[in-house]
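**Q** Quick one: sequence plus predicted model below, questions after.
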Amino acid sequence: MTSTARPRRSARDRLLEAANELFYDEGVQTVGIDRVIERAGVAKASLYNTFGSKEELVQAYLESRHAGTLARLTAAIEEHTDPTARIFAVFDAQADIVSQPSFRGCAFMSASAEAPPGGMIEDAVQSYRADLRDVFVGLAKDAGAPDPIRLGRQLHLVYDGVIIAAQMDRDPSIAAAARAAVGELLTAASSSTVGGDER
């Protein structure tokens, strides 16, 4: 019987995988680079040759989660053509995320809380939040909202609230309440479109 050996993953991939596990579970400041190196099974020089510093490793870790989260949400959105269903799809995908046993809250909120102002980590957090906000504004525009920026920000607030409540209350069922809140926001936006905003 013959077997084909799988190609060995690069030091970068192994460092990112280790960082993702440790930073997400325990925090970017709590975990030292020695633990990441040990978990990745690479030499210390590999980390500095690949990322240059711990801050750059944290930035790469956040960028990886940024790409992964947006890819998951985009895939959920693209399963639907109806504009309203596409908005609900984001929150349905989020409900799946917060119900996972491995859920530990938002990696970006945690990293931002621990990081000093300015620098690579804050830039990575702001980039993620801007892209996520753009997703919601785009969905609101497709749904015909008279003020897509306002509705997009409201949807983003609900999304943030689900993450915080699911983490702090240990209650993934909050996603159902969020879905109802989203329905009310969409109904209000639709009424405004039809009857005009009287405020």
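**A** Received, thanks.

**Q** Could you pull out the helices in the chain for me?
**A** 11-26, 33-40, 44-50, 54-77, 83-98, 107-114, 119-142, 148-168, 174-195 (DSSP state H).

**Q** quick one: buried residues of the second one?
**A** Within helix 33-40, the residues that count as buried by 16 or more other C-beta atoms under 10 Å are 33, 36, 37, 39, 40. From N, CA and C alone the C-beta is placed, and that goes for glycine too.

**Q** Same question for the last one.
**A** Taking 16+ other C-beta under 10 Å as the neighbour-count basis, helix 174-195 is seen to contain the buried residues 174, 175, 178, 179, 181, 182, 185, 186, 189, 192.

**Q** hmm, back to that, in TSV: the helices of the chain, plus mean pLDDT.
**A** Output for these, formatted as TSV (pLDDT from 0 to 100):
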stretch	mean pLDDT
helix 11-26	95
helix 33-40	95
helix 44-50	92
helix 54-77	96
helix 83-98	96
helix 107-114	91
helix 119-142	96
helix 148-168	96
helix 174-195	85
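
**Q** related to what we said a few turns ago, can the buried residues of helix 174-195 go into TSV with extra columns for distance to residue 119?
**A** Converted to TSV, the buried residues of helix 174-195 look like this (distance: C-beta to C-beta, whole Å):
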residue	distance to residue 119
174	32
175	33
178	32
179	36
181	34
182	34
185	35
186	38
189	37
192	41
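
**Q** from the residues you listed, which single one is nearest residue 51?
**A** Comparing those against residue 51 with C-beta to C-beta places residue 175 closest, at 35.0 Å.

**Q** Now do the contacts for the closest residue to that closest one other than its chain neighbours.
**A** Sequence neighbours aside, residue 95 is the residue nearest to residue 175 in space, at 3.5 Å (criterion: C-beta to C-beta, 6 or more residues apart in numbering). By C-beta atoms under 8 Å, 6 or more residues apart in numbering, residue 95 lies in contact with 162, 172, 175, 176, 178, 179.
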